[in-house]
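Q: everything below, folded, please.
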Amino acid sequence: MNRTGKILLLAGVLLVAAAIAGVAQPDFGRTATSSAGTTITVTGNGTVNGTPDRASFDFGVTTQASTAAEALSRNASEARGIVDALKKAGVESSDIQTTQVSLWPQTSSDGSTITGYQASNSVQVTAGIGKSGELVDAAVGAGANNVDGPNLDTADQSSLYDQALKQALGDAEGKAQAIAEGAGLTLGAVVKVREGGNAVPVPMFAEAKAATGTAVPVEAGTQQIQASMTVTYSAG
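A: Numbering: from 1, shown residues only. This is a model prediction of the structure:
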């Protein structure tokens with residue numbers, strides 16, 4: 001056998017030996033990594049009923065005149081009269097807020113000629129719901145010719161929302177426990193909590209309470225304060 005043949009034969013033997021060594025020898029350079037722990041994520045909901053105790057109204061007055069200045073002047077005078085009447089009815093100045101002042105021209109049917117001006121002023125008033133009818137009567141009696149409302153609210157909405165959140169957490173835990181048992185797992189600790197949203201008052205007029213007893217009745221009704229929580233639990 002010539003020299004070249006001996007070299008090729010030796011190389012072949014070495015390759016075979018290396019292959020055998022690779023199969024027989026464990027790979028100490030690799031490490032096993034455990035998979036991430038099992039988790040269960042659920043969304044719980046909570047609802048608390050509350051009775052509104054506050055009402056807000058928008059009272060407005062609209063006036064017309066031949067000139068812009070006259071329309072604004074008349075409107076300002078009537079708006080002051082409405083505010084004075086509301087204060088006389090027991091509304092604090094801090095609960096009265098101007099929401100709109102506007103002025104626009106009135107034109108002929110073909111839009112080519114200005115025939116006068118119209119001015120408007122609106123104030124928003126918030127008070128106890130028991131005074132609602134009295135306030136409407138006072139505002140209209142003082143000249144208000146636009147009334148919008150009521151928007152009902154509860155003074156303790158924040159605490160009611162906290163109660164709804166607690167209910168949502170309990171609801172989430174119950175759902176997660178049911179899922180864990182169904183899957184043959186043991187529910188673990190809370191891993192992550194995310195609030196689902198802010199207080200959402202939902203009126204329920206079917207459960208309205210007695211009217212205020214004034215000339216303009218306003219029903220308190222019932223509001224639902226809703227909350228949701230998304231919670232992730234460990235499980236194993």
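Q: got the buried residues for whichever strand or helix holds residue 48?
A: Remark: residue 48 resides in strand 38-50, with elements defined by DSSP states H and E. Neighbour counts over strand 38-50 (16 or more other CB atoms under 10 Å) mark 40, 42, 44, 46-48, 50 as buried. (Each C-beta comes from the backbone N, C-alpha and C, glycine too.)
Q: give me the mean pLDDT for stretch 158-177.
A: For stretch 158-177, mean pLDDT is 94.
Q: residues making contact with it?
A: Residues outside stretch 158-177 that contact it (CB atoms under 8 Å, 6 or more residues apart in numbering): 40, 42-48, 50, 154, 187, 193, 195-196, 198-199, 225-231, 233.
Q: please write out the alpha-carbon positions of that stretch in CSV.
A: The C-alpha trace of stretch 158-177 is given here as CSV (Å, rounded to 0.1, in the frame of the first residue of the first chain):
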residue,chain,number,x,y,z
SER,A,158,-66.4,55.8,45.7
SER,A,159,-67.1,53.5,48.7
LEU,A,160,-69.8,51.6,46.7
TYR,A,161,-67.2,51.0,44.0
ASP,A,162,-64.7,49.7,46.5
GLN,A,163,-67.4,47.2,47.6
ALA,A,164,-67.9,46.2,44.0
LEU,A,165,-64.2,45.6,43.6
LYS,A,166,-64.1,43.3,46.6
GLN,A,167,-67.0,41.4,45.1
ALA,A,168,-65.2,41.1,41.8
LEU,A,169,-62.1,39.7,43.5
GLY,A,170,-64.3,37.1,45.2
ASP,A,171,-66.0,36.2,41.9
ALA,A,172,-62.6,35.8,40.2
GLU,A,173,-61.3,33.5,43.0
GLY,A,174,-64.4,31.3,42.7
LYS,A,175,-64.0,31.0,38.9
ALA,A,176,-60.3,30.2,39.2
GLN,A,177,-60.9,27.6,41.9
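Q: so where's this structure shaky on pLDDT?
A: 1-36, 197-215 (pLDDT under 70).
Q: longest helix of it?
A: Counting residues, the longest helix found in the chain (DSSP state H) is helix 157-182.
Q: that one: how far from the chain's middle?
A: 18 Å (CA atoms, centre = their mean, to the nearest Å).
Q: and for stretch 64-80?
A: Taking mean C-alpha positions (CA atoms, centre = their mean), stretch 64-80 and its chain are 39 Å apart.
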